[in-house]
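In: have a look at this prediction, sequence included:
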There are 2 protein chains.
Amino acid sequence: MSEMTNSYDINEFKNPIFTVDSVLFTVKDDALKVLMVKRANEPFIGNWGLPGGFVDVDSDTTTDGTALRKLEEKTSVAPQYLEQLQVFSGNARDPRGFSVTLVYFALIPAQEVSSHIDTVDDVQWIDIKNINSLSIAFDHKVIIDQAKERLQQKALYSMVPVYCLPEYFTVGQLKSVIETIIGKTIQRKSLIRRIESTDMFETIDEKVKSGGRLAQQYKVKAGVDIVNFERNLSS
Amino acid sequence: MSEMTNSYDINEFKNPIFTVDSVLFTVKDDALKVLMVKRANEPFIGNWGLPGGFVDVDSDTTTDGTALRKLEEKTSVAPQYLEQLQVFSGNARDPRGFSVTLVYFALIPAQEVSSHIDTVDDVQWIDIKNINSLSIAFDHKVIIDQAKERLQQKALYSMVPVYCLPEYFTVGQLKSVIETIIGKTIQRKSLIRRIESTDMFETIDEKVKSGGRLAQQYKVKAGVDIVNFERNLSS
DNA sequence: AGTTATTTGTGTCATAAAGACACTAAGTTG
DNA sequence: CAACTTAGTGTCTTTATGACACAAATAACT
């Protein structure tokens, strides 16, 4: 059973190295991008790695707090969406010994961070398609791949992709974001049916230009949870 | 970025307490049950807790290994199915300080362990319906609830419940297991359609008694992965 | 041996949500 | 004002599941 010692002694067990990392996605210029940080220290100095770090047991109340704190250090804002992806562990993934990394999966609208990112040169949005041609630290390439698959799955049965969009958005924008995430086109009609069948969104009175007919704007209702549909989009 | 120190020093950071626990389910006597262990030590001595413990960085190669090792200590066999559920963390869930628990979610056929469990009195299958009337350690009650919900969801869009059944099983048995997991009845016909549409199972020549007409037996094909369906059962 | 109850398995129509796609609406550009 | 573009609707098709009657095979009982 867990935590079974009478008095916990930090030296009684060789503790694994425990860190929290995040895969923060956005959609920008019709491409799916991940926030990566250029490593300033060993190991893997100079390589790109995921934003993250150690838990601060004095200031963090949970590991969610750790993930948020580390992301805010790099982007200056909190992501719109944050959930646990998975733990990656092993005695071979870090040269310093057995390590455990709790990885979060997060989404944010591109324009909420772009201005801040342009001012530093060790933080960057990397196009998911270019990941394989870069030097990536640890097993972060595998981690990003897992996160991408999760995101693609979620895009088929939920509305998570809205968290890559600004407060007000149109059906066309949402359709485009979903399509760049899953790499396929979807039916506009199907998307509209879903928007209307959930109770997640409210319509905005004022419409917006889009190159043709004015488009209806939507926003996510305050305090609503993400809705899961009973079946996947497929087209 | 993660793991950023030049030379890792165990004392440089106050490390959280890290443990691995498992929620091992089975279906027995038409009820969903969880394997619980009576705690022999503080904190929560005498309460029921989930099987688990610390990583042994010398013998475990990953946290999956930790989960399996701890489960085998209690059941003497490996579960049929094992996947990560979620990390539970915080500075309030363990009286000894900030703690992180990686929880696995596992399935096993009841008869594979029952004989072993009957010989000890600190390990027991607890009916999920009785959890609330027992003294449960830490936040394990919440954890079990999350695991139950995940299992119920998975039962709607995958065949995971087969891992609660012996090698050879019938449609009737699988239907019954699914129904006790999700707490609703399902259509036999829908289940058969799913069994036949995936390539997960093979039929066994010899049929088996069941109180009426002899029933076709199935088994999971060797080396196949779990299949996910595009939509949920609902009825 | 025959009747009844029980469980297994099939046939088939209804339902619900998505796909396909034409068509209309309302803007912009030249 | 014609041509183009994007937004939104109407509606028929497709697909997997739900519902449920019915047939098949076996046990139990008289």
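Out: Thanks, I have it.
In: which helix runs longest in chain A?
Out: Assignment by DSSP state H gives helix A:140-157 as the longest helix of chain A.
In: determine the set of other helices and strands touching that helix.
Out: strand A:17-28, strand A:31-38, strand A:81-90, strand A:99-107, helix A:171-182 (3 or more Cβ pairs under 8 Å, 6 or more residues apart in numbering or on different chains; DSSP states H and E). C-beta coordinates here come from the backbone N, C-alpha and C atoms, glycine included.
In: and of those, who's closest to B:Asn130?
Out: strand A:81-90 (28.9 Å; Cβ to Cβ).
In: in chain A, what residue is nearest chain B?
Out: A:Arg231 (3.4 Å; Cβ to the nearest Cβ).
In: could you give the bridge partners of that residue?
Out: Taking DSSP bridges as the rule, A:Arg231 bridges to B:Arg231.
In: isn't it up against A:Ser190?
Out: No - contact criterion Cβ atoms under 8 Å: A:Arg231 and A:Ser190 do not qualify, at 10.8 Å.
In: leaving out sequence neighbours, find the closest residue to A:Asp58.
Out: The shortest distance from A:Asp58 to any non-neighbouring residue, by Cβ to Cβ, 6 or more residues apart in numbering or on different chains, is to B:Lys14 (7.5 Å).
In: run a quick neighbour tally on the one you found.
Out: 13 (other Cβ atoms under 10 Å in any protein chain shown).
In: how far away is it from A:Gly52?
Out: 18 Å (Cβ to Cβ, to the nearest Å).
In: show the contacting residues for the most centrally placed residue in chain A.
Out: What sits nearest the mean C-alpha location of chain A, by Cα atoms, centre = their mean, is A:Ala106, with 2.2 Å. Listed by Cβ atoms under 8 Å, 6 or more residues apart in numbering or on different chains, the contact set of A:Ala106 reads A:22-25, A:67, A:71, A:79, A:81-83.
In: which among those count as buried?
Out: Buried members of these, scored by 16 or more other Cβ atoms under 10 Å in any protein chain shown, are A:22-25, A:67, A:71, A:79, A:81-82.
In: could you chop chain A up by domain?
Out: A:17-155, A:158-220 (automatic domain parsing).
In: mind checking which of those domains is nearest DNA strand D?
Out: Taking Cβ to the nearest atom of the strand, domain A:158-220 is the member of the domains of chain A nearest to DNA strand D, at 2.5 Å.
In: farthest pair in the buried ones among the contacts of A:Ala106?
Out: Farthest-apart pair in the buried ones among the contacts of A:Ala106 is A:Phe25 and A:Ala67; separation 13.9 Å (Cβ to Cβ).
In: what comes into contact with stretch A:190-210?
Out: With Cβ under 8 Å, 6+ apart, stretch A:190-210 has contacts from A:159, A:168, A:170-172, A:174-175, A:178, A:214-221, A:224, A:226-227, A:229, A:233, A:235.
In: three-state assignment of A:Phe44?
Out: Secondary structure state of A:Phe44, per DSSP: H, G, I helix; E, B strand; the rest coil, is coil.
In: quick check: closest non-adjacent residue to it.
Out: Closest to A:Phe44 by Cβ to Cβ, 6+ apart is A:Ala137, at 3.6 Å.
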